[in-house]
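Trainee: build me a model from this:
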Amino acid sequence: MGSGAGEAERVRSAVGYGVLVAMIVACGCQTAVGVAPRVGLEDVRGGRKMLKPRASVTVCRSRCFGQAVPRDSDLMTEAIARMLRGDEEATLVVDATIESKSWTTGVFGRECVTVTGDVVRETGTIFLPLVGGTGAHHGH
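Mentor: Down below sits the predicted model:
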């Protein structure tokens, strides 16, 4: 009987090491960084008023067995929306850096997106014609 118990202990130990190795192999992380000159929830093309220089927002979500929680969130869109909601005048983020980080253990994981950029408001642009066509002084 003693040898049967010893054999069972060796099997349990081998299974435990196997599970540990599988978890280490399944673990991982990833980081990606990108740059965007203009990001926003609407297309604007005019002058700009600086509201918050180098503002930064991070949005995260978890994963369980590969399923995102919450399921329907686009992290980059949510981060940009939060930046714009931070100032009632904001319409655009310019000179943005977008960083995506994620890690997983195979069963559980986490994803985060950080958007850093200048929060601005579009302003109207007025073009005034020059009198006389060239703007030079005449008659002097």
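
Trainee: count the neighbours of residue 103 for me.
Mentor: 15 (other CB atoms under 10 Å). Bear in mind the C-beta positions are built from the backbone N, C-alpha and C, glycine included.

Trainee: so residue 80 is in which element?
Mentor: helix 75-85 (DSSP states H and E).

Trainee: parallel or antiparallel, list what pairs with whatever helix or strand comes next after that helix.
Mentor: Where DSSP H and E defines the elements, the next helix or strand beyond helix 75-85 is strand 92-104. Strand 92-104 sits in its sheet next to strand 28-39 (antiparallel), strand 108-123 (antiparallel), going by DSSP bridges.

Trainee: need the longest strand for the protein.
Mentor: Taking DSSP state E as the criterion, the chain has its longest strand at strand 47-64.

Trainee: can you list contacts of the helix or strand that it is followed by?
Mentor: Next along the chain after strand 47-64, taking DSSP H and E as the criterion, comes strand 67-69. With CB atoms under 8 Å, 6 or more residues apart in numbering as the contact definition, strand 67-69 has outside contacts at 61-63, 111.

Trainee: pLDDT of strand 67-69, averaged?
Mentor: For strand 67-69, mean pLDDT is 78.

Trainee: what's the longest strand of the chain packed up against?
Mentor: strand 67-69, helix 75-85, strand 92-104, strand 108-123 (3 or more CB pairs under 8 Å, 6 or more residues apart in numbering; DSSP states H and E).

Trainee: in its sheet, what does that strand sit against?
Mentor: Strand 47-64 is paired, per DSSP bridges, with strand 67-69 (antiparallel), strand 108-123 (antiparallel).

Trainee: which one of these lies nearest to residue 54?
Mentor: The closest of these to residue 54 is strand 108-123. By CB to CB, the value is 6.3 Å.
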